[in-house]
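*Asks:* After the sequence you'll find the predicted model.
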Amino acid sequence: MLPPDKEVFRDPRTASRVIAGEAVVLTPRDGRILTLNETGTRIWELLADGPTIAEIASVLVQEFEIEADRARQDVAAFIDHLLCREIATLERPRDDDDE
Amino acid sequence: MTTHFQVSIGNAAITVDGEISHRHRAALLTRYADYLSERPPDLRIEFRCAADSGAAEFLEVGPSVLTTFGSDHGGEPGSPFPHGEPRSRIEEWLQERRARIASAESPRQDPPLRVVPLGARTLVERPGFAGTVNPCAGEARCVFAAENAFFAVGSLLRVGFSFLAVQHGGLLLHAAGVARNGRAYVFAGPSGAGKSTIAGLSEGKGTILGDEMMCVQGGPDGDVVLATPFHGTNTAPPFFRGAPLAAVLLPVKADRIETRVLPEPEALRRLLAATLFFDASADGRQRLLDVASALVRRVPVLEMQFTRDPAFWDALDSLCTDTRL
């Protein structure tokens, strides 16, 4: 399981749009269309800032009133799924300002 | 024979330049006659017969990238365009394919278009031709095996316009279109969804705008449906200069007639599945998402279950009076 202090980022090759509260994501590898539910969409929104697993879980505990342990497990599993689909990454995206 | 002509769909224009046989040139100018224009082009496609030069050098790609052409021209073994001996008459092959579909035999599948992102360019190829498209630079190149010019030009035009439609705030859809009571209905979906069936059932119910590919585009006066030169039947639908878009319907063959307005996320997902688009870049796909999501916010998108009966038009007419349709 991913450690709670691991930062996660959106894969910069991914295109997405939130519409009517649901995120629609095009996977970079094969252009497949994924639709995320309410919780998945909230996590997707959080990934824009590169949070840790623990930080994401903390937000879900507050906003969705679920237990902390379950939140961490669910978040880790969901992030694993996003990593497999290559729409999330553990590498901090390069910033043009860094060059 | 040196060939130069320009095709437009809406505000998008593509120039075709190359050496093509007299016979193919005449066929192309006939096929695209209603779409010829003098607009400043957004994209220029340069064509060359594979016999005249090395395919990989002309396309500026590594030879190993191409499956259709290696160091010499030819097609994939076992394909409709056998290696080194391309099909002599592409139109005969197309006729045979349509005849099989019409006879309800298992349709021979078109060889899938192979799409490979190459940075700013996209490689597209099928047995008989290969091409690269760089929409940002407004350039494309295509090399074709002898006798495949007509097919290659049509395919590259489809690919080119799929890029340009999005750049111009629209979408190129796998769709049939029918105009009725002054507005256009677009029936979008993958192969087998019933687009051609709906076009056939709509004879006498409205004006058939197309049965294979339609362009929808937003503009200052609202969303419009544009004609395209890409059709599945032998007879081209009558050309029209655009019609106001009433709704996008996603047909589903069923044992009853029923319509359902789709929630926006589902409408977006299913509309994207019916969109022709080959840009694998993140920016290109983001632009596609932005255009498509804006469209589903403005335009009703409905799932339409239908039978082999034109009575679905009664259901659509009822919706016009009941909803924002």
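*Replies:* Perfect, I can see it now. Residues are numbered from 1 along each chain as shown, chains lettered A, B, ... in the order given.
*Asks:* Helices along the stretch 1-150 of chain B, start to end?
*Replies:* Assignment of helices within the stretch 1-150 of chain B using DSSP state H, counting those that start in this stretch yields the ranges B:22-31, B:55-59, B:90-102, B:149-167.
*Asks:* quick one: contacts of the second one?
*Replies:* Residues from elsewhere that reach helix B:55-59, judged by C-beta atoms under 8 Å, 6 or more residues apart in numbering or on different chains: B:48, B:62-63, B:65-66, B:68-71, B:73, B:123, B:130-132, B:141, B:143. All C-beta atoms are positioned from the backbone trio N, CA, C, and that covers glycine.
*Asks:* Mind checking which of those are buried?
*Replies:* B:48, B:66, B:68, B:69, B:73, B:123, B:130, B:131, B:132, B:141, B:143 (16 or more other C-beta atoms under 10 Å in any protein chain shown).
*Asks:* Throw those into a markdown table and include distance to chain A and pLDDT, thanks.
*Replies:* Below are those laid out as a markdown table (distance: C-beta to the nearest C-beta, whole Å; pLDDT from 0 to 100):
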| residue | distance to chain A | pLDDT |
| --- | --- | --- |
| B:48 | 29 | 89 |
| B:66 | 21 | 84 |
| B:68 | 21 | 79 |
| B:69 | 25 | 77 |
| B:73 | 29 | 39 |
| B:123 | 15 | 90 |
| B:130 | 20 | 92 |
| B:131 | 19 | 93 |
| B:132 | 18 | 94 |
| B:141 | 23 | 95 |
| B:143 | 25 | 92 |
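*Asks:* Filter those residues down to the ones in strands?
*Replies:* Counting by DSSP state E, the buried ones among the contacts of helix B:55-59 place B:48, B:123, B:130, B:131, B:132, B:141, B:143 in strands.
*Asks:* Bridged to the closest residue to the fourth one other than its chain neighbours, which residues?
*Replies:* In space, residue B:131 comes closest to residue B:142 once its chain neighbours are excluded; the distance is 3.5 Å by C-beta to C-beta, 6 or more residues apart in numbering or on different chains. With DSSP bridges applied, residue B:142 shows beta-bridge pairing to residue B:47, residue B:131.
*Asks:* Next to chain B, which bits of chain A? Give me the list.
*Replies:* With the criterion set to C-beta under 8 Å from any C-beta of the partner chain, chain A comes near chain B through A:12-17, A:19-22, A:24, A:26, A:28, A:31, A:33, A:35.
*Asks:* okay, who's weakest in these by pLDDT?
*Replies:* Checking pLDDT across the residues of chain A next to chain B, the minimum falls on residue A:31 at 82.
*Asks:* Next, count neighbours for that residue.
*Replies:* 17 (other C-beta atoms under 10 Å in any protein chain shown).
*Asks:* mind listing what it touches?
*Replies:* B:280, B:285.
*Asks:* For residue B:22, state which of the residues of chain A next to chain B is nearest.
*Replies:* Distance to residue B:22, by C-beta to C-beta, is smallest for residue A:31 among the residues of chain A next to chain B, at 39.5 Å.
*Asks:* Do I have it right that residue B:208 meets residue B:185?
*Replies:* No. Residue B:208 sits out of contact with residue B:185 when judged by C-beta atoms under 8 Å, with a separation of 11.0 Å.
*Asks:* what sits in contact with each of these two?
*Replies:* B:177, B:178.
*Asks:* Which one of these two is surrounded by more residues?
*Replies:* Neighbour comparison, residue B:208 and residue B:185: the larger count goes to residue B:185, with 27 against 20 (by other C-beta under 10 Å).
*Asks:* how much space between that one and chain A?
*Replies:* Noted for residue B:185: a distance of 23 Å to chain A, by C-beta to the nearest C-beta, to the nearest Å.
*Asks:* Could you look up the SS state of that residue?
*Replies:* Following DSSP: H, G, I helix; E, B strand; the rest coil, residue B:185 is assigned to strand.
*Asks:* which residues does it bridge with?
*Replies:* For residue B:185, the beta-bridge partners under DSSP bridges are residue B:178, residue B:247.
*Asks:* Can you mark which positions in the lengthiest helix in chain A are buried?
*Replies:* Counting residues, the longest helix found in chain A (DSSP state H) is helix A:68-84. For helix A:68-84, burial by neighbour count (16+ other C-beta under 10 Å) applies to A:71, A:72, A:74, A:75, A:76, A:78, A:79, A:82.
*Asks:* wait, which of these is closest to residue B:168?
*Replies:* residue A:82 (32.7 Å).
*Asks:* need the contact list for the closest one.
*Replies:* Counted by C-beta under 8 Å, 6+ apart, residue A:82 has contacts A:8, A:88.
*Asks:* one more time with 10 Å
*Replies:* Listed by C-beta atoms under 10 Å, 6 or more residues apart in numbering or on different chains, the contact partners of residue A:82 are A:8, A:10-11, A:14, A:25, A:27, A:34, A:36, A:40, A:43-44, A:47, A:88-89.
*Asks:* Please, a ChimeraX command that selects the buried ones among the residues you listed?
*Replies:* Per 16+ other C-beta under 10 Å, the buried members of the contacts of residue A:82 correspond to this ChimeraX selection:
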select /A:8,10,11,14,25,27,34,36,40,43,44,47,88,89
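*Asks:* and of the contacts of residue A:82, the nearest to residue B:274?
*Replies:* residue A:34 (17.1 Å).
*Asks:* Can you give the strand pairings for whichever helix or strand the closest one is part of, parallel or anti for each?
*Replies:* Using DSSP states H and E, residue A:34 sits in strand A:33-35. When pairing is defined by DSSP bridges, strand A:33-35 lines up against strand A:22-26 (antiparallel).
*Asks:* relative to helix A:68-84, how tilted is the strand it pairs with?
*Replies:* 30 degrees (axes from the mean of the first three to the mean of the last three C-alpha atoms, to 10 degrees).
*Asks:* Show me what from the stretch 101-250 of chain B comes close to chain A.
*Replies:* Taking C-beta under 10 Å from any C-beta of the partner chain, the part of the stretch 101-250 of chain B that reaches chain A is made up of B:115, B:117.
*Asks:* Please identify which residue in the stretch 101-250 of chain B comes closest to chain A.
*Replies:* Among all residues of the stretch 101-250 of chain B, residue B:115 sits closest to chain A, at 8.9 Å; criterion: C-beta to the nearest C-beta.
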